[in-house]
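[1] Structure for the following, please:
(one chain, ligands or ions: 1)
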Amino acid sequence: MSGQRLKGKVAIVTGASRGIGAAVAEHLAREGASVVVNYVDSADKAKAVVKRIEAAGNRAVAIQADVGKAADVQRLFDESIKQFGKVDILVNNAGIPLYKMVAEITEKEFDQILATNVKGVFLTCKQAARCMPDDGRIVNVSSSVTGLMLSTYVAYAATKGAVEQMTRHLAHELGRRGITVNTVSPGPTDTELFGEGKTEAHKQEFSRMAALGRLGEPTDIADVVTFLVTDDARWITGQNIRVNGGFI
Ligand code: NDP
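    Got it, this is the predicted structure:
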């Protein structure tokens, strides 16, 4: 699906150098948005996403920032506004995994995952609340694992539970300004994050858990995020949309 439903809009997509974030950035650009492709380490991959967007005739810029650091997030918003004049859309996609039994998780690892997955969403939403014009859009990416019970997911699921709660309460805080805040919760999606530490057999097991019998592709998720940031979704806020092929 593509058109010009986001013409004149400016979007920041965090963690857009690869995986789901890269697909979201490209989908939003295809709809006419100017897109900030955020990354933390993968400068070359982020630049490649920008190149693909520009080759299709749309506007994008890559901006490095660690979403878990307040000064970086401030700079991300300042540079985005300098580049494109405003921020209408924020997609909080950046996230890291941690698949370990609770007894094996170190304090450092727990702090790390909280910093990126929770503090990162808090910091960007705080900036968005300050500068986003009326009728803006925020989409926070959680995970379908918040509806399951799975060994080795305790820390990761805790961070995503926090993301879902922030969405609900932010939706209320920002609603009077016409800003919608929603969560998109993918199921197993074929990216580096999902593949980490998994054998092919393990991946197949996850595929079979979905009613539709396969892993998700980043584009499956990006289509739904794109819908939520268009005017077509103006009456949807505070919701958690599970995009998972019937995984749960
Ligand atoms: P990937 O590992 O493929 O990509 C992660 C992205 O996040 C990269 O662009 C990475 O940048 C960026 N990133 C990581 N840490 C930071 C940080 N501190 N600051 C800024 N950017 C950062 O992940 P996916 O595409 O699989 O996942 C995207 C989102 O979807 C995550 O929130 C994840 O939890 C969620 N999700 C994924 C599922 C899946 O099965 N894939 C299932 C459910 C939810 P860089 O390249 O520079 O490191």
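[2] My read is that residue 64 contacts residue 36, right?
    No: the criterion here is Cβ atoms under 8 Å, and residue 64 misses it with residue 36 at 10.9 Å. No exception for glycine: its C-beta is placed from N, CA and C like everyone else's.
[3] measure the residue most central in space within the chain to residue 40 for me?
    Nearest to the geometric centre of the chain sits residue 93, at 1.7 Å (Cα atoms, centre = their mean). Per Cβ to Cβ, to the nearest Å, residue 93 is found 12 Å from residue 40.
[4] Residue 145 too?
    For residue 145, the distance to residue 40 - Cβ to Cβ - is 23 Å.
[5] related to what we said a few turns ago, overlap in contacts, residue 93 and residue 40.
    Here residue 93 and residue 40 have residue 15 as joint contacts, going by Cβ atoms under 8 Å, 6 or more residues apart in numbering.
[6] ranges for the strands of the chain?
    10-13, 34-39, 60-64, 89-92, 137-141, 180-186, 240-243 (DSSP state E).
[7] just for this protein, where's the confidence low?
    1-2 (pLDDT under 70).
[8] wait, does the longest helix along it make contact with the ligand?
    Criterion DSSP state H: the longest helix present in the chain is helix 154-175. No: using Cβ under 6 Å from any ligand atom, helix 154-175 stays clear of the ligand, with a minimum separation of 6.8 Å.
[9] got the angle for that helix vs strand 180-186?
    Calculated by axes from the mean of the first three to the mean of the last three Cα atoms, to 10 degrees, helix 154-175 forms an angle of 160 degrees with strand 180-186.
[10] Adjust the sequence numbering to begin at 8 for everything that follows.
    Sure, I'll start numbering at 8, so the last one becomes helix 161-182.
[11] List the buried residues in helix 161-182.
    Neighbour counts over helix 161-182 (16 or more other Cβ atoms under 10 Å) mark 161-167, 169-170, 173-174, 177-178, 181 as buried.
[12] can you check stretch 14-28 too?
    16-28.
[13] mind listing the helices for this protein?
    Here the chain has its helices, by DSSP H, at 26-37, 50-62, 77-91, 114-121, 127-138, 161-182, 199-202, 207-216, 225-236.
[14] Any residues of this protein in contact with the ligand? List them.
    Residues of the chain lying near the ligand by Cβ under 6 Å from any ligand atom: 21-28, 45-49, 52, 73-75, 100-103, 123, 127, 148, 150, 193, 195-196, 198-201.
[15] Give me the distance between the residue at the greatest distance from the centre of the chain and residue 61.
    The outermost residue of the chain relative to its centre, with distances by Cα atoms, centre = their mean, is residue 110 at 28.8 Å. As judged by Cβ to Cβ, residue 110 and residue 61 stand 48 Å apart.
[16] Check residue 138 too.
    Distance from residue 138 to residue 61, by Cβ to Cβ: 25 Å.
[17] Same question for residue 27.
    If you go by Cβ to Cβ, the gap between residue 27 and residue 61 works out to 21 Å.
[18] ok, back up a step: most tightly packed of the helices of the chain?
    Per-stretch averages of neighbours, counted by mean count of other Cβ atoms under 10 Å, single out helix 26-37 among these, with a mean of 27.
[19] name the helices or strands packed onto that one?
    The contact analysis (3 or more Cβ pairs under 8 Å, 6 or more residues apart in numbering; DSSP states H and E) places helix 26-37 against strand 17-20, strand 41-46, helix 50-62, strand 96-99, helix 225-236.
[20] okay if I get those as JSON lines plus distance to residue 242?
    Converted to JSON lines, the helices and strands packed on helix 26-37 look like this (distance: least, Cβ to Cβ, whole Å):
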{"stretch": "strand 17-20", "distance to residue 242": "20"}
{"stretch": "strand 41-46", "distance to residue 242": "25"}
{"stretch": "helix 50-62", "distance to residue 242": "29"}
{"stretch": "strand 96-99", "distance to residue 242": "17"}
{"stretch": "helix 225-236", "distance to residue 242": "11"}
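[21] Sweet, I'm off.
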